[in-house]
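Q: Here is a sequence together with a model predicted from it:
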2 protein chains.
Amino acid sequence: MLNHMTSDNWEILFIDFNLATMTNSSSNYGEILGGAIAIGSGKILWIGKKGNLPNYNPDKVKVVHGNGQWITPGLIDCHTHIIYGSNRAKEFEMRLKGKSYQEIAGAGGGIISTVEATRKASQDELYEGALKRLNTLKNEGVTTIEIKSGYGLDLENEIKILNVAKMLDKNSPLSIHKTFLGAHTVPPEYKNNPDDYIRIVSEEMIPKIAKLKLAETVDVFCENIGFNIQQTEKVFKAAVKNDLKVRIHAEQLSNIGGTKIAAQYNALSSDHIEFIDEEGINAMTEKGMVAVLLPGAYYFLRETKTPPIELLRNNNVSIAIATDSNPGTSPINSILLMLNMACTLFKLTPTEALAGITCNAAKALGIENTTGKLEEGLNADIANWDIEHPSELSYQFGVNYLLSLYKEGELIT
Amino acid sequence: MLNHMTSDNWEILFIDFNLATMTNSSSNYGEILGGAIAIGSGKILWIGKKGNLPNYNPDKVKVVHGNGQWITPGLIDCHTHIIYGSNRAKEFEMRLKGKSYQEIAGAGGGIISTVEATRKASQDELYEGALKRLNTLKNEGVTTIEIKSGYGLDLENEIKILNVAKMLDKNSPLSIHKTFLGAHTVPPEYKNNPDDYIRIVSEEMIPKIAKLKLAETVDVFCENIGFNIQQTEKVFKAAVKNDLKVRIHAEQLSNIGGTKIAAQYNALSSDHIEFIDEEGINAMTEKGMVAVLLPGAYYFLRETKTPPIELLRNNNVSIAIATDSNPGTSPINSILLMLNMACTLFKLTPTEALAGITCNAAKALGIENTTGKLEEGLNADIANWDIEHPSELSYQFGVNYLLSLYKEGELIT
């Protein structure tokens, strides 16, 4: 139990910072001007106006004096695919040189080229590549990240990828949330039998991965060019049976009803959703699902249909933002750029954008009771910024104003 | 005189790197695979295939062994406005919260708010803000940057800004190219007399700034909402009379014929040019003017008309790319993001995009005889990247693969 009026367990006390608590993000970042925040044992033990601080012993607490800098929750990138082999730069170049889709596929391009490179890569090679992307995000203030598998597409290689995620979780200070995305695309060997592949995903892979505790959630790419509703349901049924939570890639390029089905399985989130309709949004509201918007993919694919922000707002759907960092459709590994893109491309307000990579991203991962806000009792995941107002985080891009970053009370950047 | 067959003056020799020389950028980055490059006295003294290296004394030369990493010319950001007071984050937030242009102007928004903040700021304050932006660009591989004045709009404050640029040139290892942009917008005190302001710019400011050697070029924002053709010509005449080169912001929002007029004054470049017509492009071809494209402003303003890339290509106009880093229309201070945006938004090829921030950017600044390519006799401005192919620089964004950066032979990053 936390005792709010004692400072006995305080290890670090930040004084004279402005706090974007995100506890009431609809109202100006839940800001506390002239605030203080005390942390100890990895938790936030006290937060409030400096003037309300209880007595504390300055000899027993490390006091960090600010000068009006801002503290936000540690950032959360709740949708990534950062573990993969090789890259798709040559395909990118071919397309810009006017090569056709067929020519690119003929030259070994497309998602299957990433699957092949990922299968060939050793666990260590995958680790090295992903670690660079992870550290880049950490240097932008990220303390929690979700990572999906989905470039292995057979049991051995999906396990290899999830093991890399597990190694990252162990070796890096960040928290890694692992998602099994066996149903990312149909592997070449099942090209003509996607139902057979889905049977293997559901009956063989999911039970095994659940048993090995290699994932917390199961995801499906539900789309015209991905898996259909029946296939999606089969995967979700297996997930639920194995006590795994589900989420979905849906309505990115068309609307085949993915979000509605996901809601029936109490999905945490539906991601992309440029083409979602009101029925889909109602399903999200009813089940408290989070809308995870991915402006990097929208930008990189030159999409023109934006997600229905106003409808999401009107229906009180929590909006999260993520990088979708992946080699094919969003090789844009920057959470701070996503803040700017969410505002510039999707017209979110800076408060909504910041909520999208803090409190609402935590909700999309089902970890809102431990992180994503500055609140007593939550993890001391906090980022300290040399800015005069939190809107600067969304407004400008390039200069990184992060001063320091703490994960569960430990200084990590 | 350089003696190509002697290694006497070599100080550093890079061996086993792949070189994107950009000397023939229409053909695959002018690449030399398995290359070597020797530098001394700040210059590139030898470049070629490793197998063609002349004899050298390994005791007298620092040899850097690569492993297939790539070397490109140091990058050049040829259009920026990085010296200014305050920022416009609150205006950005107001707009996204649905406030009208009038309400924002009433709350002190718009370019005039930056002018007021810049006038109020001390030289040191401006220096500190600009240095952060400069260093961010340096950390991305930039060795040369152009900086415009234009937020002072009176003699004293324009000189203050250009003095900051001069301080940056002196204190930072980068080369700074200074541009006087007194004709950026009409200052509040001349709101009803723009012609009077242009007279002061032409007859008082330009001669003084030329005498103080505070600028190498003079720029004008020629636009419906900026200065008209007659005003632009008056400024250009004064520039030429004072031995300053000219360049122009033109055809960003409309076409009033700015590029054609600039060509008559042998302008180095015309910048933005989304709305340029064939006549304008012909004028550029005839005078060898560079087209400086600014995808950050296009992105941030949500413009929909892209510059006529195919026409520029067909007319052999050299294309440069720059950040346009500024607080109002492109608070996007990243040259590497511009590479990606030039490809993603404007459909340049990765080779064209890299040429746009190396050889063609040098040409836009009139310094193509000293930098922008890897060529014997040019400055040893070189960037070393941990990538397998130069297309990766455009394709992905976020992870910074810069390994080291040399400015005139000195390691600076």
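A: Here it is on my side, so go on.

Q: mind listing the strands for the stretch 51-200 of chain A?
A: Remark: strands assigned in the stretch 51-200 of chain A by DSSP state E, counting those that start in this stretch are A:62-65, A:70-73, A:75-77, A:142-148, A:175-183.

Q: helices or strands next to the shortest one in the packing?
A: For strand A:75-77, the contact count by 3 or more C-beta pairs under 8 Å, 6 or more residues apart in numbering or on different chains; DSSP states H and E identifies strand A:142-148, helix A:359-364 as packing neighbours. From N, CA and C alone the C-beta is placed, and that goes for glycine too.

Q: at 10 Å instead, please
A: helix A:123-138, strand A:142-148, strand A:175-183, strand A:319-321, helix A:335-346, helix A:350-356, helix A:359-364 (3 or more C-beta pairs under 10 Å, 6 or more residues apart in numbering or on different chains; DSSP states H and E).

Q: tell me the most buried of the strands of the stretch 51-200 of chain A?
A: For the strands of the stretch 51-200 of chain A, the largest average neighbour count (mean count of other C-beta atoms under 10 Å in any protein chain shown) is found in strand A:75-77, namely a mean of 31.

Q: residues contacting the nearest residue in space to residue A:29 that is not next to it in sequence?
A: In this structure, residue A:29 finds its nearest non-sequential neighbour in residue A:20, 3.9 Å apart by C-beta to C-beta, 6 or more residues apart in numbering or on different chains. Residues near residue A:20 by C-beta atoms under 10 Å, 6 or more residues apart in numbering or on different chains: A:28-32, A:35, A:70-73, A:351, A:354-355, A:358, A:373-374, A:383, A:385, A:387, A:389-390, A:393.

Q: Can you tell me which of those are buried?
A: Among the contacts of residue A:20, those scoring as buried are A:29-32, A:35, A:70-73, A:351, A:354-355, A:358, A:373-374, A:383, A:385, A:387, A:389-390, A:393 (criterion: 16 or more other C-beta atoms under 10 Å in any protein chain shown).

Q: out of the helices and strands packed on strand A:75-77, nearest to residue B:133?
A: Smallest distance to residue B:133 across the helices and strands packed on strand A:75-77 (C-beta to C-beta): 15.0 Å, for helix A:335-346.

Q: angle of that closest one against helix A:123-138?
A: Here the directions of helix A:335-346 and helix A:123-138 differ by 70 degrees (axes from the mean of the first three to the mean of the last three C-alpha atoms, to 10 degrees).

Q: now the helices and strands packed on strand A:75-77 as JSON lines including mean pLDDT and distance to chain B?
A: As requested, the helices and strands packed on strand A:75-77 are arranged in JSON lines below (pLDDT from 0 to 100; distance: least, C-beta to the nearest C-beta, whole Å):
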{"stretch": "helix A:123-138", "mean pLDDT": "98", "distance to chain B": "5"}
{"stretch": "strand A:142-148", "mean pLDDT": "98", "distance to chain B": "11"}
{"stretch": "strand A:175-183", "mean pLDDT": "98", "distance to chain B": "18"}
{"stretch": "strand A:319-321", "mean pLDDT": "98", "distance to chain B": "14"}
{"stretch": "helix A:335-346", "mean pLDDT": "98", "distance to chain B": "6"}
{"stretch": "helix A:350-356", "mean pLDDT": "97", "distance to chain B": "5"}
{"stretch": "helix A:359-364", "mean pLDDT": "98", "distance to chain B": "17"}
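
Q: buried sites along stretch A:96-115?
A: By 16+ other C-beta under 10 Å, the buried positions in stretch A:96-115 come out as A:96, A:99, A:104, A:109, A:111-115.

Q: hang on, I meant stretch A:240-248
A: In stretch A:240-248, counting by 16+ other C-beta under 10 Å, buried: A:242, A:244-248.

Q: Same question for stretch A:253-264.
A: By neighbour count on 16+ other C-beta under 10 Å, the buried set for stretch A:253-264 is A:255-263.

Q: right, and the helix or strand after the helix or strand residue A:283 falls within?
A: Applying DSSP states H and E as the criterion places residue A:283 in helix A:278-287. Proceeding N to C from helix A:278-287, the next assigned helix or strand is strand A:290-293, under DSSP H and E.

Q: name the helices or strands packed onto that next one?
A: Strand A:290-293 sits against strand A:245-250, strand A:269-272, helix A:278-287, helix A:309-314, strand A:319-321, helix A:335-346, helix A:350-356, helix A:359-364, with contacts defined as 3+ C-beta pairs under 10 Å, 6+ apart.

Q: Adding distance to residue B:212, write those out as TSV.
A: As requested, those are exported to TSV (distance: least, C-beta to C-beta, whole Å):
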stretch	distance to residue B:212
strand A:245-250	60
strand A:269-272	56
helix A:278-287	62
helix A:309-314	51
strand A:319-321	48
helix A:335-346	38
helix A:350-356	41
helix A:359-364	52
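
Q: Can you say which of these is nearest to residue B:7?
A: helix A:335-346 (44.6 Å).

Q: Give me the buried positions along that closest one.
A: In helix A:335-346, counting by 16+ other C-beta under 10 Å, buried: A:335-346.

Q: Where does pLDDT dip in the stretch 201-350 of chain A?
A: Scanning the stretch 201-350 of chain A for pLDDT under 70 picks out nothing.

Q: got the residues of it near chain B?
A: A:296, A:299-302, A:304, A:323, A:325, A:327, A:330-337, A:340-350 (C-beta under 10 Å from any C-beta of the partner chain).

Q: Let's see that with 6 Å instead.
A: A:331-334, A:343, A:349-350 (C-beta under 6 Å from any C-beta of the partner chain).

Q: What distance do you get for the closest residue to residue A:224 other than its chain neighbours to residue A:303?
A: Residue nearest to residue A:224 in three dimensions, not counting chain neighbours: residue A:254, with 4.8 Å by C-beta to C-beta, 6+ apart. Taking C-beta to C-beta, to the nearest Å as the measure, residue A:254 falls 12 Å from residue A:303.

Q: Residue A:92 too?
A: Look at residue A:92 and residue A:303: by C-beta to C-beta, they are 17 Å apart.

Q: so who does the residue nearest to residue A:340 when sequence neighbours are not counted touch?
A: Excluding the flanking residues, the one nearest residue A:340 by C-beta to C-beta, 6+ apart is residue A:397, at 4.7 Å. Contact analysis of residue A:397 by C-beta atoms under 6 Å, 6 or more residues apart in numbering or on different chains lists A:337, A:340, B:332.
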